[in-house]
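# 3D model of this:
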Amino acid sequence: TQWYIGGLSQGLVDANSYTQQTFITIVPILAIATFFVLMIQFNSVFTPLRLVLMVLGSVLISLVISYGIFYYYYHMPILIYMPLFVFITLLAVGLDYDIFMITRVREEVMNGKSDEEGITTAMRENGGVIMVLGMILLSTFMSLYLSEIGIIQEVGVGLAFGVFVDTFISWMFFIPSVMLIMKKWNWWPSKIYKK
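Numbers count the residues shown, from 1 in each chain. As a prediction, this is how the structure comes out:
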């Protein structure tokens with residue numbers, strides 16, 4: 001018996017399979033590469049690890065919310081490229097805000113302040129800017145929902161929820177809390193020489 005399979009259906013199955021394999025390959029590679037770049041920048045092990053894990057958490061939450069909205073509420077399929085695109089974009093966007101804050105905290109600690117004082121100063125000085133940038137990105141990505149093209153709607157909602165979680169939950173509450181718990185381990189193994 002011979003089977004000949006082709007056409008649009010087989011093409012979609014192949015594209016879906018390839019995208020899933022790519023996603024499984026790209027996520028660890030990007031996470032590890034990002035970790036090493038941040039490790040070099042901060043001369044620390046735990047801070048880059050925490051940054052990558054927090055952003056991955058935001059990505060996961062946004063994908064779960066998007067899946068719930070489009071699959072369960074609208075009964076639409078999740079388009080195959082959406083998770084990959086959302087992950088790659090949110091990894092970059094989420095880390096930008098976090099790097100901005102962590103760099104400021106590190107500067108304050110190097111100038112002789114405690115971690116608590118550094119976090120307070122960084123949040124006071126940078127909080128407004130990061131929240132405004134987050135709102136701009138949130139509204140920009142959410143406006144993609146007005147499109148009538150499914151992939152653009154799904155990507156827009158996924159990115160919008162990821163930016164929301166990172167800007168208004170992770171950055172404001174989780175990151176400072178974890179840093180306050182870790183204290184000196186934030187900068188391990190480097191020794192910060194205070195002025």
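# just so I have it, where are all the strands in this structure?
Counting by DSSP state E, the chain forms no strands at all.
# helices of that one, start to end?
With helices called from DSSP state H, the chain shows them at 7-42, 46-67, 82-110, 115-143, 150-165, 175-182.
# out of those helices, which is closest to Ser190?
Proximity to Ser190, assessed across the helices of the chain by C-beta to C-beta, is greatest for helix 7-42 (7.8 Å). Quick note: C-beta positions are derived from backbone N, CA and C, even for glycine.
# quick one: buried residues of the closest one?
If you call a residue buried by 16 or more other C-beta atoms under 10 Å, then helix 7-42 has these buried ones: Thr19, Val27, Leu30, Ala31, Thr34, Phe35, Leu38, Phe42.
# now do the contacts for the second one.
Looking back up the chat, that one is Val27. Residues near Val27 by C-beta atoms under 8 Å, 6 or more residues apart in numbering: Phe87.
# so how far is Gln10 from it?
With distances taken as C-beta to C-beta, to the nearest Å, Val27 is found 26 Å from Gln10.
# equivalent analysis for the last one, please.
Note on Phe42: its distance to Gln10, by C-beta to C-beta, is 48 Å.
# go ahead and name everything in contact with stretch 76-84.
Contacts for stretch 76-84 (C-beta under 8 Å, 6+ apart): 12, 15-16, 19-20, 22-23, 26, 63, 66-67, 70-71, 150-151, 154-155, 158.
# with mean pLDDT and distance to Trp188 added, can I get the helices of the chain in JSON lines?
Below are these laid out as JSON lines (pLDDT from 0 to 100; distance: least, C-beta to C-beta, whole Å):
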{"stretch": "helix 7-42", "mean pLDDT": "82", "distance to Trp188": "10"}
{"stretch": "helix 46-67", "mean pLDDT": "88", "distance to Trp188": "6"}
{"stretch": "helix 82-110", "mean pLDDT": "83", "distance to Trp188": "13"}
{"stretch": "helix 115-143", "mean pLDDT": "89", "distance to Trp188": "12"}
{"stretch": "helix 150-165", "mean pLDDT": "88", "distance to Trp188": "27"}
{"stretch": "helix 175-182", "mean pLDDT": "85", "distance to Trp188": "9"}
